[in-house]
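*Asks:* quick one, fold the following:
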Amino acid sequence: MITRNEDRPTVAIAEARSFENNEQFIARHLPLVKRLADYGVLGVALNGAKDRIGNGQFNVSYGFGENGMVRNDNIISVDAGYDLTGGLARYTPDVPSLNPLGIREIAMSKQSQFDVLTGELGGALARTATCPADAAAILSTLDQFGDGVLILKANGDPAKKHKMLVGEKADIAKGAERIVSTMNPAKDSVVIQEYMPEVRSGFADGIRYFDANERAVVADRRGLNRELRVHAIDGRPIYVVGRAGLQPELGSQRDERVFLDQASVPDHVFELASRAAMAIHTQSNAEHSYLAVDLTPDGSRVVEVNGRNIGTVRSESDRMGTQAAHDAITDALARKLSAMAHKRKGEK
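*Replies:* Have a look, this model is predicted:
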């Protein structure tokens with residue numbers, strides 16, 4: 001039988017995991033589910049694409065109940081997906097998702113990002129080259145670069161399992177064997193990129209913090225790298241968040257989001273982020289996208305573009321800036337997903 005979700009469009013938050021007694025998942029996604037309800041849409045959770053039976057239907061789903069996640073073993077039809085780990089995008093192309101497979105494949109590869117964005121952004125992007133995780137291959141690839149500081153790191157390593165190396169060509173050549181010693185050159189690859197000194201600049205002129213609390217967060221991490229993260233839906237920037245405490249070349253884990261006065265963010269930050277997001281959106285022939293464009297703190301160059309498990313911002317009672325970001329991003333995401341679901345529902 002079909003569950004009563006047929007009465008209204010349904011958006012699935014899809015992630016390959018177990019939902020039983022998962023308080024963290026509920027805390028992260030319940031606000032989005034409630035906002036979807038305001039737009040006449042039912043929000044459910046799916047274990048990736050595991051329980052698919054075809055034609056946008058699944059025989060196991062999870063509802064957000066008062067006392068936790070509630071398993072539903074009836075068949076449910078899904079009209080749109082908020083795809084956190086890629087299962088829907090890869091295995092259920094008939095369900096429109098954020099983000100579709102084409103966008104994920106570009107976003108997950110530094111080389112693909114460089115190939116797509118370099119023509120559009122030019123010098124705003126660091127020169128990038130990819131090669132097998134092999135010391136000899138790295139030495140050969142270094143010939144593509146001129147003088148200056150470079151970064152060597154694992155390609156497609158979101159969990160940061162492997163250390164990176166920063167230095168001149170000679171430093172990279174000397175340390176390459178050590179960096180790739182824990183990798184398999186038959187399946188692993190590394191990225192060599194130009195180091196962007198702009199990552200050590202301050203935030204762009206004119207940017208103000210949301211309040212004194214956010215100013216204190218930055219002061220506590222003074223001297224460490226920072227960046228600007230621009231959330232963008234369909235290439236349109238919706239919110240800018242700062243990050244302080246980034247010092248990955250030293251293995252620093254003191255990474256903290258910093259919330260900003262949105263009215264103070266200069267136009268060039270929005271413009272560069274929009275160009276980057278729209279280039280990937282267009283190249284992948286996507287109809288729907290949700291990307292996080294990471295810029296150098298001065299907003300002059302693109303560090304990378306993220307297209308998986310970006311998530312909303314959780315509010316914290318002692319930081320009002322988190323509430324403002326949470327409300328704006330959650331509402332924009334709910335409006336986008338509900339529009340996708342209503343459209344597909346109407347087309348059936």
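*Asks:* where in the stretch 51-200 of the chain is pLDDT low?
*Replies:* Counting by pLDDT under 70, the stretch 51-200 of the chain has low-confidence residues at 157-159.
*Asks:* all strands of it, in order?
*Replies:* 52-54, 57-58, 61-65, 68-72, 76-77, 80-83, 97-98, 128-132, 150-154, 165-167, 189-194 (DSSP state E, counting those that start in this stretch).
*Asks:* can you add mean neighbour count and give those strands back as CSV?
*Replies:* The C-beta positions use only the backbone N, C-alpha and C, and glycine is treated the same way. Supplementary listing: the strands of the stretch 51-200 of the chain in CSV, determined by neighbours: other CB atoms under 10 Å:
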stretch, mean neighbour count
strand 52-54, 13
strand 57-58, 21
strand 61-65, 20
strand 68-72, 16
strand 76-77, 22
strand 80-83, 28
strand 97-98, 27
strand 128-132, 20
strand 150-154, 21
strand 165-167, 18
strand 189-194, 22
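*Asks:* mind listing the helices for this structure?
*Replies:* 23-38, 87-91, 101-107, 110-121, 135-141, 169-180, 212-220, 267-283, 320-347 (DSSP state H).
*Asks:* show me what counts as buried in the fifth one.
*Replies:* When you say that, I think you mean helix 135-141. For helix 135-141, the neighbour count (16 or more other CB atoms under 10 Å) marks A135, A137, I138, T141 as buried.
*Asks:* check the offset of that helix from the chain's centre.
*Replies:* 30 Å (CA atoms, centre = their mean, to the nearest Å).
*Asks:* for it, packing partners?
*Replies:* Taking 3 or more CB pairs under 8 Å, 6 or more residues apart in numbering; DSSP states H and E as contact, the helices and strands that helix 135-141 lies on are strand 128-132, helix 169-180, strand 189-194.
*Asks:* one step back: what would the helices of the chain look like in TSV with distance to I192?
*Replies:* Supplementary listing: these in TSV, determined by distance: least, CB to CB, whole Å:
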stretch	distance to I192
helix 23-38	35
helix 87-91	29
helix 101-107	19
helix 110-121	9
helix 135-141	6
helix 169-180	7
helix 212-220	31
helix 267-283	21
helix 320-347	34
